[in-house]
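[1] what follows is a predicted protein model with its sequence.
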Amino acid sequence: MTRNQCLRKIVRHESPVRSRASLSSLLLPAILALAFESAPLSWALEDYALAWSTYFGGASSWEQARDVCVDKDGNVLVVGGTASTNFPTTPGAYDRTFNAGGTALGSFGPCDVFVAKFDPSGQLLWATYLGSPNYDRAYAVEVDAQGFIYVAGRAGPGFPVTSGAVQATFQGVNAGPYGMQNAFVAKLAPDGSNLVWATYLGVGAMVRDFALDSQGNICAALGSDVGSGNPPAAWFTNAYQKTRQGGIESGVVKLSNDGSRVLWASWFGGSGDETSEVGVRVDAQDRVFIAGDTKSTDLAIVGAQSDASYNGGWDGFLAVFSPDGSRLLCSTYLGGSGDDYVLNTHALAVDAHGNAYVHFGTLSANFPTTPGALKRTRGGPSDIGLAKIETDTGQLLLGTYIGGSGDENPDGLYVDADGNVFLTAETTSANFPVTTNAFQRVKGGGADAVLVRLSADFSSILYATFLGGTASDKGRSGFLDADGSLYMVGTSSGPGFPVKNAWQPNFAGGSDDAIVAKFIPPNPALRILSPQHQSGSFDLLLTNLTEGIPYTVQRTESLSSPANWSNVFTWTANTNARSWDESAAGRPHGFYRARSGTP
């Protein structure tokens with residue numbers, strides 16, 4: 001095999017590197033790629049360290065963090081809801097006063113949206129209220145390249161909609177203990193000082209998820225609820241499905257970046273009920289993906305080579321729309337004969353090839369798993385179910401359970417450039433499958449948050465840890481940054497949550513505080529690769545180097561703790577890449593890593 005032929009077989013595990021002050025003490029980024037002739041990969045445990053974690057809230061009542069994302073500078077955006085009148089807002093924020101006194105409340109009383117921005121080291125930059133005198137809470141957040149922040153969720157009458165908004169009037173429903181509720185979307189300035197625009201959206205009670213397309217337009221969940229009316233027919237002029245088919249219906253709506261126009265909307269449902277809140281993602285071609293739950297036996301199915309019929313209970317579904325919403329490109333049922341719940345903040349991810357990933361809280365004993373999966377039988381009353389679907393044909397590519405003997409509830413799903421999966425969840429299982437190198441190997445309380453990294457073939461857990469104290473600590477969403485950092489947000493009901501470098505080290509009081517945590521790999525752009533080889537040689541390529549910095553390449557035959565790493569060579573970079581041949585003779589199994597500095 002020629003060198004050029006070999007390089008075409010390089011397996012490259014890398015992530016875009018972002019310059020961050022908080023990572024200055026870590027190893028400088030380099031990327032190790034390997035090329036070999038007959039070498040399936042062996043999955044190696046990944047090492048992560050807790051960089052920082054914090055409580056976040058006021059003393060007078062409760063907070064819940066429901067979503068998190070990271071901007072291009074590594075700043076962390078967190079959103080949720082608060083009922084605290086002394087929530088820690090900051091000088092210059094858009095709204096520093098808790099909004100109360102509404103007349104459209106339910107038994108839960110008033111609540112405001114909160115939006116907060118932390119720097120990469122976990123220090124609070126700003127925080128603001130956003131809301132009406134009634135009940136308002138955010139469930140989803142995204143940030144654009146300019147740093148503008150988009151927030152969506154549920155709102156009561158009197159929410160601060162802005163001039164020119166596509167829907168200035170409340171058109172929601174009575175949502176029981178929440179009171180009168182309507183979906184909203186809002187855009188805030190990067191410094192949190194200004195509400196750029198805000199609008200109600202549709203006739204449902206909330207937007208649980210949304211995504212930004214390549215033009216910065218907002219693709220948001222669209223739902224109907226019991227007693228809701230209909231959005232304007234003009235929204236559905238070119239829609240795949242122009243009208244509701246049954247009771248509660250799922251759908252999706254695309255809103256212009258300035259919040260002034262609905263570009264298109266489409267329903268998706270059958271004669272039964274669907275969940276009105278769906279997961280939403282957009283791929284590189286601006287195809288729009290939604291995932292939710294249904295009790296309809298007659299969903300429109302396109303492709304679905306693996307699951308074209310209703311399986312029972314609350315069944316999952318996936319639907320893929322053309323960028324203009326006029327065509328249904330793929331749709332399939334997902335699940336087993338029991339209830340398979342997709343009803344969470346971010347239950348859907350899409351990889352670079354357009355494959356869709358959906359996670360469930362599954363009660364099904366026959367959730368569809370595939371040969372070689374991590375776990376093919378349910379361990380407790382409710383496990384995490386995870387599926388990968390090829391969206392040209394609707395074929396199930398991979399499926400697995402994840403969980404222990406208790407209950408799991410997943411809430412946050414991402415996939416990296418190599419197809420490895422990151423998810424966050426909460427668990428009551430003392431035997432949840434955390435890895436030997438976990439930050440926390442023993443469950444702390446009644447419920448703990450968990451963070452999980454799963455191999456691209458769904459066969460192995462690369463990293464998993466509990467994160468919790470003696471109180472109830474729930475993971476409600478996560479984020480996978482481009483540099484490999486993992487983020488988790490959620491809620492804690494008391495003292496004992498494991499804080500580190502915390503902006504707020506102590507539980508403030510009330511019934512719940514928000515919690516935020518960031519985990520980092522030892523080198524934010526490295527992955528350990530493991531070719532299995534019996535003879536001959538293979539090429540290795542070290543890239544993304546900084547000239548003038550020494551790098552050490554090391555090898556071990558086992559990742560058992562502690563791993564016995566031996567030096568292959570140390571080299572001071574005089575270019576941004578170096579390749580070399582490594583003999584495989586007598587080395588039946590090897591793991592390699594590259595680190596900056598001398599041993």
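    The structure has been received and is ready for your questions.
[2] can we go C-alpha only for contacts and neighbour counts from here?
    OK.
[3] my guess is Asp95 meets Thr128, correct?
    Yes - using C-alpha atoms under 8 Å, Asp95 is in contact with Thr128, at 5.5 Å.
[4] looking at the two, which is more packed in?
    Taking other C-alpha atoms under 10 Å, Asp95 and Thr128 do not tie; Thr128 has more neighbours (26 against 20).
[5] one step back: give me the common contacts of Asp95 and Thr128.
    Common neighbours of Asp95 and Thr128, counting by C-alpha atoms under 8 Å, 6 or more residues apart in numbering, are Thr89.
[6] my guess is Val342 meets Gly361, correct?
    Yes - using C-alpha under 8 Å, Val342 makes contact with Gly361 at a distance of 6.8 Å.
[7] and the two? Which one has more around it.
    Neighbour count, other C-alpha under 10 Å: between Val342 and Gly361, Val342 has more, with 31 against 26.
[8] where does pLDDT dip in the stretch 201-350 of the chain?
    343-345 (pLDDT under 70).
[9] pLDDT at Arg555, what is it?
    Here, the pLDDT recorded for Arg555 equals 74.
[10] likewise Val17?
    27.
[11] and for the closest residue to Ser455 other than its chain neighbours, the neighbour number?
    Among residues not flanking Ser455 along the chain, Asn420 sits closest, at 4.8 Å (C-alpha to C-alpha, 6 or more residues apart in numbering). Using other C-alpha under 10 Å, Asn420 has 17 other residues around it.
[12] quick check: end-to-end length of stretch 259-276?
    21 Å (C-alpha to C-alpha, to the nearest Å).
[13] what of stretch 78-97?
    Terminal residues of stretch 78-97 lie 19 Å apart, using C-alpha to C-alpha.
[14] please identify the buried residues of it?
    78-85, 87-90, 93-96 (16 or more other C-alpha atoms under 10 Å).
[15] cool, stretch 361-377 as well?
    Neighbour counts over stretch 361-377 (16+ other C-alpha under 10 Å) mark 361-365, 367-370, 373-377 as buried.
[16] what of stretch 408-420?
    Glu408, Asn409, Pro410, Asp411, Gly412, Leu413, Tyr414, Val415, Asp416, Ala417, Gly419, Asn420.
[17] with pLDDT, distance to Val280 and secondary structure as extra columns, can I get those in JSON lines?
    Listed next are the buried residues of stretch 408-420 as JSON lines, based on pLDDT from 0 to 100; distance: C-alpha to C-alpha, whole Å; DSSP: H, G, I helix; E, B strand; the rest coil:
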{"residue": "Glu408", "pLDDT": "95", "distance to Val280": "22", "secondary structure": "strand"}
{"residue": "Asn409", "pLDDT": "94", "distance to Val280": "19", "secondary structure": "strand"}
{"residue": "Pro410", "pLDDT": "95", "distance to Val280": "16", "secondary structure": "strand"}
{"residue": "Asp411", "pLDDT": "93", "distance to Val280": "14", "secondary structure": "strand"}
{"residue": "Gly412", "pLDDT": "94", "distance to Val280": "12", "secondary structure": "strand"}
{"residue": "Leu413", "pLDDT": "96", "distance to Val280": "12", "secondary structure": "strand"}
{"residue": "Tyr414", "pLDDT": "96", "distance to Val280": "12", "secondary structure": "strand"}
{"residue": "Val415", "pLDDT": "95", "distance to Val280": "15", "secondary structure": "strand"}
{"residue": "Asp416", "pLDDT": "90", "distance to Val280": "17", "secondary structure": "coil"}
{"residue": "Ala417", "pLDDT": "83", "distance to Val280": "19", "secondary structure": "coil"}
{"residue": "Gly419", "pLDDT": "92", "distance to Val280": "19", "secondary structure": "coil"}
{"residue": "Asn420", "pLDDT": "93", "distance to Val280": "20", "secondary structure": "coil"}
